[in-house]
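Trainee: Structure for this input, please:
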Amino acid sequence: MGASTGDLLVEHPEALDKIFRDSPVLIVTHCESGAVIAENKARLLETRSKFTIDDHPLLRDDKACYASSSYAVDLAKKHQSQLHVLHITTEKELSLFEAGPVAGKNITAEACVHHLWFTNQDYAEKGNLIKCNPAVKYQSDRDAIIEAIKTGQIDIIATDHAPHTFEEKQVEYDKAPAGLPLVQHALLTLMDHVHYGRLSVSDVVEKTAHNPAIRYGVESRGFIREGYYADFVLIDCDSVTPVTHENSFYHCGWSPFAGHSFASRIKRTWVNGQIVFDDTQPLLVDSNAMPLSFSR
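Mentor: Next comes the predicted model:
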């Protein structure tokens, strides 16, 4: 419900109404209003000849997000649809979602790790490296979303991983692709929130493991239970992880967190009971990965 990379979107009212009326599965949507973004662009061009990265949260502002997400929520309520709204970035949108446990909700919401970390004040240093859609916005938005994680208005924390190359980002704002490489450091960002008292370990486990499994109906994952697949991460909370572009594992060769030292360290990762990462040696390439199965 809003163009991001390319024009993969559905905005036509009749088509959307049919999707929300007839979809037999969870509807998951990116919400930004193309019409509002176009209005913002026309208005801002009255005072400038071209845009820079500082304009990104003005072009894709809270009005653009709210116009689309509230439309989706209204459709879901109209048709009693199952709706999950991706990467919430504004305080304004939080009024659309109920607090409390994810189980039993028809309408749920998600936040991404970079929107819990960066604000518009970081554009001066990071530039296009943190250009993403929806845009990184303001400290008040970030702080409100972190609080909504604790209340249960935000049900899931995700990554929205988009590993564009460093060279692709080193162009003018209008030509730079939107998206960040995030998977490697996602959990470490959340553990920093824990370290500084903004979130609890329980918040992190619930929003990154339990709730995604519940909301998407993923079978036998997301919990430490007998008979479940053994997907684990072992974290050393007494070691640090300095980040550079050079020590990232991304094929694109850079990280938006370069220059920061996280307050914890990932020691090992298991998938289906097999160690796939160990911090004492390079990435382990052999894996017994398998397709997820769903209870639907």
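Trainee: and the spatially most central residue of the chain, what does it touch?
Mentor: In the chain, the centroid-proximal residue (CA atoms, centre = their mean) is C112; its distance is 2.4 Å. Shown in contact with C112 (CB atoms under 8 Å, 6 or more residues apart in numbering): H87, I157, A158, T159, D160, L182. In this view, the C-beta of every residue, glycine as well, is placed from N, C-alpha and C.
Trainee: repeat that for 7 Å
Mentor: Neighbouring residues of C112 by CB atoms under 7 Å, 6 or more residues apart in numbering: H87, A158, T159, D160.
Trainee: In strands, which of the residues you listed appear?
Mentor: Judged by DSSP state E, the subset of those located in strands is A158.
Trainee: Tabulate the contacts of C112 (JSON lines), appending neighbour count, pLDDT and distance to P256.
Mentor: What follows is the contacts of C112, written out as JSON lines (neighbours: other CB atoms under 10 Å; pLDDT from 0 to 100; distance: CB to CB, whole Å):
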{"residue": "H87", "neighbour count": "21", "pLDDT": "96", "distance to P256": "15"}
{"residue": "A158", "neighbour count": "16", "pLDDT": "97", "distance to P256": "16"}
{"residue": "T159", "neighbour count": "19", "pLDDT": "94", "distance to P256": "12"}
{"residue": "D160", "neighbour count": "22", "pLDDT": "88", "distance to P256": "12"}
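Trainee: ranges for the strands of the protein?
Mentor: Along the chain, the segments classed as strands by DSSP E run 27-29, 83-85, 107-112, 156-158, 232-236, 241-242, 261-262, 265-271, 274-278.
Trainee: Quick one: closest of those to L292.
Mentor: strand 265-271 (11.5 Å; CB to CB).
Trainee: elements contacting that closest one?
Mentor: When contacts are defined as 3 or more CB pairs under 7 Å, 6 or more residues apart in numbering; DSSP states H and E, strand 265-271 sits against strand 232-236, strand 274-278.
Trainee: quick one: strands adjacent to the last one?
Mentor: Its sheet considered, strand 274-278 pairs with strand 265-271 (antiparallel) by DSSP bridges.
Trainee: Tell me how far the partner strand lies from the chain's centre.
Mentor: Mean-position distance between strand 265-271 and its chain equals 21 Å (CA atoms, centre = their mean, to the nearest Å).
Trainee: Nearest to L129 among the strands of the chain would be which one?
Mentor: Among the strands of the chain, the nearest to L129 by CB to CB is strand 107-112 (15.3 Å).
Trainee: okay, the helices and strands packed on strand 265-271 in TSV with mean pLDDT, distance to S295 and mean neighbour count next?
Mentor: As requested, the helices and strands packed on strand 265-271 are exported to TSV (pLDDT from 0 to 100; distance: least, CB to CB, whole Å; neighbours: other CB atoms under 10 Å):
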stretch	mean pLDDT	distance to S295	mean neighbour count
strand 232-236	96	22	15
strand 274-278	90	24	15
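Trainee: Perfect, that will be all.
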